[in-house]
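[1] everything below, folded, please.
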Amino acid sequence: MSKPDVMEIVNHLLEEVKLLLKDNFKGFYLHGSLAMGGFNPEKSDVDILIVTYHSLSSVIKIKIAKLFLRCSNAPFPIEVSFLNEKDLSNWQHPCPFDFHYSEFWRERFEEEMNPYIVSGFDPDLAAHITIVQHRGICAAGESISATFPNVPREDYLASILGDYLDCLENLEEDPVYSVLNMIRVYWYLKEEVISSKYEAGEWALKSMPDGFRPAIQKIVGIYSSAANDHPDIDFTKLYDLRDYIDGEVQKLIS
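    The predicted structure follows:
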């Protein structure tokens, strides 16, 4: 059985969200690979920001949690944050959110009710909102420019550099994500290009020293394929690549 078209899933989810939020719905926005290109139906998340006029009630949060438990991984994993107009109009970093769901949280949501109603602050939102502003898609609701604030560059940098530092440490645990995200951060610092992981990999093949090309090609190939395992990765080459990128990044941020 083939997977359904990802936009069919997105449109179904959009209608379900609008039914739940009613007149509190302000907008539904896509970011990540689905918006920028390079979406791999075998691997990619569907990345969504949903904006409301007012904070969500606990009752609505429980209904939203049940919706995403049902719709995420059926078949595409979903990562979504709900933000409200007041918090966006008074920008702070890390940015507050009313509700968040990703597959990382599934088990906790399934085991206990309390996380359904927890809000918090997420440093990643500075990056997500910046990507929405530059490359995002408004699937429904008010325009991106009318909904989201201009995120200060220093907040965007703090957001992506936090993730970058994790990638430096997690190379063996998740080599594909780590390498492509390190390249993406390096490209932004070098040329201020906001890119997808796939675009970053393609840029690196053309722009980075030839000696790294086989290692980068391997990573890009795995990212673009349906395979989830990578037993033949040469981590010695990847550590050399990591150290080269980090050396260049340190020059650019010093």
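
[2] low-confidence ranges in the stretch 101-250 of the chain?
    113-117 (pLDDT under 70).

[3] which parts of it are strands?
    120-122, 137-141 (DSSP state E, counting those that start in this stretch).

[4] which residues sit against the shortest one?
    By C-beta atoms under 8 Å, 6 or more residues apart in numbering, the residues outside strand 120-122 that reach it are 81, 94-97, 100. For every residue, glycine as well, the C-beta is placed using N, CA and C.

[5] nearest to Ser44, of those?
    Of all the contacts of strand 120-122, Ser81 has the smallest distance to Ser44: 17.2 Å, by C-beta to C-beta.

[6] CA atoms of the helix or strand that the closest one is a member of as PDB?
    Ser81 belongs to strand 78-84 when assigned by DSSP states H and E. Taking Å, rounded to 0.1, in the frame of the first residue of the first chain, the C-alpha atoms of strand 78-84 are listed here in PDB:
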ATOM      1  CA  ILE A  78       4.200  15.500  13.000                       C
ATOM      2  CA  GLU A  79       6.000  18.100  15.100                       C
ATOM      3  CA  VAL A  80       3.700  21.000  16.000                       C
ATOM      4  CA  SER A  81       3.700  24.000  18.300                       C
ATOM      5  CA  PHE A  82       0.700  26.100  19.200                       C
ATOM      6  CA  LEU A  83       1.500  29.800  19.800                       C
ATOM      7  CA  ASN A  84      -0.800  32.600  20.800                       C
END
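
[7] how far off centre is it?
    Centre-to-centre, strand 78-84 and its host chain are 11 Å apart (C-alpha atoms, centre = their mean, to the nearest Å).

[8] could you do stretch 161-180 as well?
    Worked out by C-alpha atoms, centre = their mean, stretch 161-180 lies 14 Å from the chain centre.

[9] can I get that stretch in CSV, CA atoms only?
    Written as CSV, here are the backbone C-alpha positions of stretch 161-180 (Å, rounded to 0.1, in the frame of the first residue of the first chain):
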residue,chain,number,x,y,z
LEU,A,161,23.9,27.3,17.6
GLY,A,162,22.3,25.4,20.5
ASP,A,163,21.2,22.7,18.1
TYR,A,164,24.6,22.9,16.4
LEU,A,165,26.4,22.1,19.6
ASP,A,166,24.2,19.1,20.1
CYS,A,167,25.1,17.9,16.6
LEU,A,168,28.8,18.1,17.4
GLU,A,169,28.3,15.7,20.3
ASN,A,170,25.8,13.4,18.7
LEU,A,171,27.6,12.6,15.4
GLU,A,172,27.6,8.8,16.0
GLU,A,173,24.0,8.7,17.3
ASP,A,174,22.5,10.5,14.4
PRO,A,175,25.1,11.1,11.7
VAL,A,176,22.8,12.2,8.9
TYR,A,177,20.9,14.8,10.9
SER,A,178,24.1,16.0,12.6
VAL,A,179,26.2,16.5,9.5
LEU,A,180,23.4,18.2,7.4
